[in-house]
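*Asks:* sequence first, predicted coordinates after that:
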There are 2 protein chains.
Amino acid sequence: MNGTLHGLGIGPGDPELITLKALRLLRAAAVVAYPAPENGDSLAREIVAGHLPGGQIEVAIRMPMRVERFPAQEVYDRAAAELGRHLEAGRDVAVLCEGDPFLYGSFMYLFGRMAERFPVRVVPGVSSLTACAAVLGAPLAARNDVLSVLPAPLDAGVLRERLAAADAAAVVKLGRHFAKVRTVLDELGLAGNARYVERATMDSQRVLPLSEVEPGSVPYFSMILVHKRGEAWS
Amino acid sequence: MNGTLHGLGIGPGDPELITLKALRLLRAAAVVAYPAPENGDSLAREIVAGHLPGGQIEVAIRMPMRVERFPAQEVYDRAAAELGRHLEAGRDVAVLCEGDPFLYGSFMYLFGRMAERFPVRVVPGVSSLTACAAVLGAPLAARNDVLSVLPAPLDAGVLRERLAAADAAAVVKLGRHFAKVRTVLDELGLAGNARYVERATMDSQRVLPLSEVEPGSVPYFSMILVHKRGEAWS
């Protein structure tokens, strides 16, 4: 009988923000897989390191530094084949997903390749969206607010339009797009309503006023939250 | 010394979807507070019932059935005063929040009243958004998708406009607004891309095709997820 593929949301970074369910399935799995850079340590594995019982088979899904569409597909094809062999051998596989597996997570590329062939279960996790709001002490959305989640790589024009139409917004995946997003917020007169946080709930977490953010040093795991009313509850 | 007010995200309904952190703080608090209907049991308390150690002071924040703006404010004023007395006596207070405290949660009304007077810490939780996606086996958003969260009580025209502009959307708080939302989805040709789920991860969870949903029986804790591409990973 085939094993089950578990997509486990492990939360935004603080090891204590994993759920009881993800922890139980993580500990019980014969195989633990996780995304990793081409060289070096996996952030996802670091988050759960203190929870691992030892003795599990580990599979690092290593993504080349400069990924174009085609090589990324190859990486997931190979990973799906490797994990598939474990599942066919009856071993349960736990795939670690930072935040939540189905919210901008790379797990969905494995899911798309494997869900028709194997039993798959997804355990939702605490996403960085609400983790950032908690860290900032600033509610995301209230009452009948429209909340939009906007990936920063979008064109400035699209970002401007969507920010103008939302009551509240989270601009995610900032990285090298910070300066563009900052300009759009200035144009809309929303910079004063915006809050910046990077690596929320991790030891290296930083919260900064927009004006003190050095655009060249913004990591991928960073976010700007904006609320039109200033405060969601007002 | 004053106690600390903890806003604890307890997740969408499955008692195992609470985080280690929320569980630790819940068990350690001298006082546990939770939203409740005017009469009867609190859903939030039911979710964590199996985790309670016993011997804690409990405060039910009871909301009258038909809430207009003013009485709701009074309820939170009174609750803030009552919880404030516990904090002043040096007792930590844990407020249970279904899903996440800062995503359309009523906790923010306590937060707004108490954050300047007392130490407040918010523990993010698994929100119903990602819980619904997990239950449906349908990723919410991928790559540079714009994801919009739309409260169903909004006017049909606003819903139509925002749905048309998003790549992916979650229409929340459906309740008696289901028929209106269904009509808007039909007009936009998106009904085939929409999935319905109610009470995700609870024992009473139901997943239905839109066409089989009885508009008169839709609970508040229900949601429609829509993706323009049909599948987020495609």
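*Replies:* In hand now; what should we look at?

*Asks:* what's the local residue count around the closest residue to A:Pro209 other than its chain neighbours?
*Replies:* When the adjacent residues along the chain are set aside, A:Pro209 lies closest to A:Tyr196, with 7.3 Å between them (Cβ to Cβ, 6 or more residues apart in numbering or on different chains). (Each C-beta comes from the backbone N, C-alpha and C, glycine too.) A:Tyr196: 24 surrounding residues under other Cβ atoms under 10 Å in any protein chain shown.

*Asks:* list the contacts for A:Tyr196?
*Replies:* For A:Tyr196, the contact set (Cβ atoms under 8 Å, 6 or more residues apart in numbering or on different chains) comprises A:Val207, A:Leu208, A:Pro209, A:Leu210, A:Val213, A:Ser222, A:Met223, A:Ile224.

*Asks:* tell me what the helix or strand bottoming out on mean pLDDT in chain A is packed against?
*Replies:* Least confident element among the helices and strands of chain A, by mean pLDDT, DSSP states H and E: helix A:69-88 (a mean of 90). Contacts defined by 3 or more Cβ pairs under 8 Å, 6 or more residues apart in numbering or on different chains; DSSP states H and E place helix A:69-88 against strand A:31-37, strand A:57-63, strand A:93-97, helix A:107-114.

*Asks:* which secondary structure elements does whatever helix or strand comes next after the last one sit against?
*Replies:* Spelled out, that is helix A:107-114. Remark: after helix A:107-114, the chain's next helix or strand is strand A:120-123, criterion DSSP states H and E. Counting contacts by 3+ Cβ pairs under 8 Å, 6+ apart, strand A:120-123 is packed against strand A:5-9, helix A:20-28, helix A:107-114, helix B:128-136.

*Asks:* strand partners (parallel or antiparallel) of strand A:120-123?
*Replies:* Note on strand A:120-123: by DSSP bridges, its sheet partners are strand A:5-9 (parallel).

*Asks:* which residues are in contact with the partner strand?
*Replies:* A:19, A:22, A:25-26, A:29, A:83, A:87, A:92-97, A:99-102, A:105, A:107, A:110-111, A:114, A:118-127, B:126, B:130, B:134.

*Asks:* average pLDDT across it?
*Replies:* Averaging pLDDT along strand A:5-9 yields 98.

*Asks:* how far off strand A:93-97 does it point, in degrees?
*Replies:* Put simply, strand A:5-9 runs at 30 degrees to strand A:93-97, going by axes from the mean of the first three to the mean of the last three Cα atoms, to 10 degrees.

*Asks:* so how far is strand A:5-9 from its chain's centroid?
*Replies:* On the basis of Cα atoms, centre = their mean, to the nearest Å, strand A:5-9 sits 14 Å off its chain's mean C-alpha point.

*Asks:* how about stretch A:168-186?
*Replies:* Relative to its parent chain, stretch A:168-186 has a centroid offset of 17 Å by Cα atoms, centre = their mean.

*Asks:* also stretch A:18-38?
*Replies:* Using Cα atoms, centre = their mean, the offset of stretch A:18-38 from its chain centre is 15 Å.

*Asks:* how about stretch A:179-199?
*Replies:* For stretch A:179-199, the distance to the chain centre is 21 Å (Cα atoms, centre = their mean).
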